[in-house]
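Participant: Build me a model from this:
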Amino acid sequence: MRKYIFLILILFSPSIFASIRTYSYPEEIKASDSYAFTVDGVPVHVIDNPVPCSFAAFEMEHAVSVEIESKVTVKWVDVRPLSAGIKPVIKEDKICFTITEPGNYSVEINGKLSHPLFIFANPKEEKPSKDDPDVLFFEAGKVHRPGVIRPKSGQHIYIEGGAYVVGAISATGVENVRVSGHGIMDGSLNNRLTQEQTAAIFSVDNGYGSAGKYQRFIEFIDSKNISIEGLILHNSTTWQVVPINCENVTISGLKLVSDNPSDDGIDIVRSRNVHVKDCFVRVKDDCVAVKAHLDYPDNVIVDSVLVEQCVFWNAAWGNGLEIGFELHAAEVKNITFRDCDIIHVESGAVFSIHNSDKAIVSNVLYEDIRIEDARHKLFDLGIFRSKFCTDGSSDEACLDEFITHDVWDNELRIPEGKREEHAKYRGQIKNITFRNIQVLEGIYPFSIFIGYDDQHAIDGVTIENLQLYGKRINSLEELKLHTEFARNIRVK
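Facilitator: Numbering: from 1, shown residues only. Down below sits the predicted model:
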């Protein structure tokens with residue numbers, strides 16, 4: 001008898017019974033006709049995004065075999081990030097490979113960036129109870145239209161894998177709020193609140209009755225102890241994940257897929273102790289931007305930000321890893337970007353500090369970063385006037401006369417004889433370290449370090465173990481680098 005009990009326990013052991021979990025989406029979310037995708041022989045729902053691209057998500061506990069069918073003839077496949085070490089095999093127009101651990105992957109066919117398939121292999125998660133009064137639970141298999149979700153302190157917003165939520169999240173002055181789940185949030189309507197079709201979603205009851213309101217996708221303002229985990233953010237039309245004057249923020253396991261103006265991925269604004277980890281960001285604008293603006297005093301600074309183990313794809317605008325443009329606080333300091341894969345930067349810079357205001361930017365470390373495709377700039381450090389800064393302007397007449405797109409987008413030229421007058425609005429950049437940076441493929445991008453003047457300069461940049469296509473760079477002369485008002489630059 002004991003023998004049979006033992007066999008039953010083995011058959012129903014969780015570690016053996018379910019090594020993958022797929023999601024059941026509502027009927028309105030049509031499956032892609034560009035790709036068919038299976039994991040260990042189980043079909044997975046593939047969803048199209050206007051990038052254009054497609055994506056598929058599932059949960060895994062052990063190594064899995066995937067098979068992809070594409071509507072185009074397949075002769076070559078790249079699976080990124082390259083650090084994952086995935087070697088795809090093409091069999092009769094099917095793409096086959098093994099995923100050994102949870103992660104986020106880009107499958108690119110025939111050397112083209114058009115219409116990739118993104119695979120989001122999630123770790124297994126534990127679901128909260130639907131009966132918990134502090135849980136706002138959005139169930140799988142449904143399209144939810146809650147408008148702007150406004151959590152209170154101590155609440156948990158849970159979006160189940162297979163749920164599709166059209167809306168946004170916003171809260172001010174809250175503590176101990178968690179947002180999690182493997183479901184999808186759709187941000188397609190966040191910047192079009194004046195259109196008639198949004199009335200049922202962003203109504204007067206949700207607090208946005210005025211015409212033309214710009215709704216950030218997920219924002220927390222003046223808040224503490226915030227966790228945002230796991231979601232797919234689909235087609236955002238505004239800034240996406242935005243802690244503003246927050247303390248102790250964790251952003252982990254997010255997947256951001258969009259291609260719209262002003263779709264910055266993660267904007268960290270005047271916040272302290274922020275940890276970003278295991279995210280996938282494919283956006284048109286900045287992937288990550290550290291900023292210090294809005295209506296706060298100078299002593300509300302940015303301090304202690306860590307971004308690690310993420311995969312980034314920056315498309316037509318913005319930059320990969322950005323600090324700036326809006327740096328109105330006294331200090332922006334102790335920022336670390338570590339162990340990340342930059343799979344594409346189609347325009348702009350991989351690493352950029354654009355100080356167009358008065359902040360002192362200091363103690364910034366970029367470490368163990370792998371770059372697969374950067375088409376414009378590698379290092380871009382600049383102190384200059386822009387339309388976003390204290391002495392800037394968005395007035396059309398001013399822009400017509402002074403805006404340039406020569407070195408930096410949205411830079412404002414200094415009027416004749418006004419350089420000293422504008423100097424009082426300029427800050428500094430100092431103590432910047434680039435360590436163990438690898439350019440693996442693509443073109444050799446150039447770099448710029450440009451200060452404003454001797455008092456508002458770039459001071460103290462260390463480039464340690466920079467490798468281009470496997471060759472270590474040992475001197476400044478080997479870099480494609482232009483400098484002005486930049487000193488104490490070392491290559492090690």
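
Participant: Averaged pLDDT, the lengthiest strand in the chain. What do you get?
Facilitator: Counting residues, the longest strand found in the chain (DSSP state E) is strand 331-345. What strand 331-345 shows for mean pLDDT is 98.

Participant: Stretch 41-56 too?
Facilitator: Stretch 41-56 comes out at a mean pLDDT of 97.

Participant: got it, and stretch 413-426?
Facilitator: 96.

Participant: where exactly do the strands run in the stretch 301-450 of the chain?
Facilitator: 302-308, 311-314, 321-327, 331-345, 349-355, 360-371, 377-383, 403-404, 411-412, 428-439, 446-450 (DSSP state E, counting those that start in this stretch).

Participant: for these, which one sits closest to Asp263?
Facilitator: The stretch from these with the least distance to Asp263 (Cβ to Cβ) is strand 311-314; that distance is 10.8 Å. In short, each C-beta sits where N, CA and C put it, glycine included.

Participant: hmm, back to that, between the longest strand of the chain and strand 349-355, how many degrees?
Facilitator: Strand 331-345 and strand 349-355 are oriented at 160 degrees to each other (axes from the mean of the first three to the mean of the last three Cα atoms, to 10 degrees).

Participant: Who are the packing partners of strand 331-345?
Facilitator: For strand 331-345, the elements it packs on are strand 288-292, strand 302-308, strand 311-314, strand 321-327, strand 360-371, judged by 3 or more Cβ pairs under 8 Å, 6 or more residues apart in numbering; DSSP states H and E.

Participant: Tabulate the strands of the stretch 301-450 of the chain (a markdown table), appending mean neighbour count and distance to Pro81.
Facilitator: Putting these into a markdown table (neighbours: other Cβ atoms under 10 Å; distance: least, Cβ to Cβ, whole Å) gives the following:
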| stretch | mean neighbour count | distance to Pro81 |
| --- | --- | --- |
| strand 302-308 | 20 | 14 |
| strand 311-314 | 28 | 5 |
| strand 321-327 | 27 | 15 |
| strand 331-345 | 23 | 4 |
| strand 349-355 | 27 | 14 |
| strand 360-371 | 20 | 7 |
| strand 377-383 | 25 | 18 |
| strand 403-404 | 15 | 35 |
| strand 411-412 | 22 | 32 |
| strand 428-439 | 20 | 12 |
| strand 446-450 | 19 | 22 |
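
Participant: which stretch in those strands is the model least sure about?
Facilitator: Confidence, taken as mean pLDDT, is least for strand 403-404 of the strands of the stretch 301-450 of the chain (a mean of 91).

Participant: Now do that strand: everything it contacts.
Facilitator: Residues outside strand 403-404 that contact it (Cβ atoms under 8 Å, 6 or more residues apart in numbering) are 387, 410-413.

Participant: dump the residue contacts of Asn488.
Facilitator: If you count contacts by Cβ under 8 Å, 6+ apart, Asn488 has them with 459-461.

Participant: Just the CA atoms of stretch 410-429, as PDB, please.
Facilitator: The C-alpha atoms that make up stretch 410-429 are tabulated as PDB, following Å, rounded to 0.1, in the frame of the first residue of the first chain:
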ATOM      1  CA  ASN A 410      16.700  70.200 -28.000                       C
ATOM      2  CA  GLU A 411      19.900  72.100 -27.300                       C
ATOM      3  CA  LEU A 412      19.400  75.900 -27.300                       C
ATOM      4  CA  ARG A 413      22.200  78.000 -28.700                       C
ATOM      5  CA  ILE A 414      23.600  80.700 -26.400                       C
ATOM      6  CA  PRO A 415      22.800  84.200 -27.800                       C
ATOM      7  CA  GLU A 416      25.700  86.400 -28.800                       C
ATOM      8  CA  GLY A 417      27.300  88.000 -25.700                       C
ATOM      9  CA  LYS A 418      25.100  86.000 -23.200                       C
ATOM     10  CA  ARG A 419      27.400  83.200 -22.300                       C
ATOM     11  CA  GLU A 420      28.300  84.500 -18.900                       C
ATOM     12  CA  GLU A 421      24.700  85.300 -18.100                       C
ATOM     13  CA  HIS A 422      23.700  81.700 -18.800                       C
ATOM     14  CA  ALA A 423      26.600  80.200 -17.000                       C
ATOM     15  CA  LYS A 424      24.900  80.700 -13.600                       C
ATOM     16  CA  TYR A 425      22.300  78.100 -14.600                       C
ATOM     17  CA  ARG A 426      25.000  75.500 -15.500                       C
ATOM     18  CA  GLY A 427      26.100  72.600 -13.300                       C
ATOM     19  CA  GLN A 428      29.000  70.100 -13.300                       C
ATOM     20  CA  ILE A 429      29.700  66.400 -14.100                       C
END
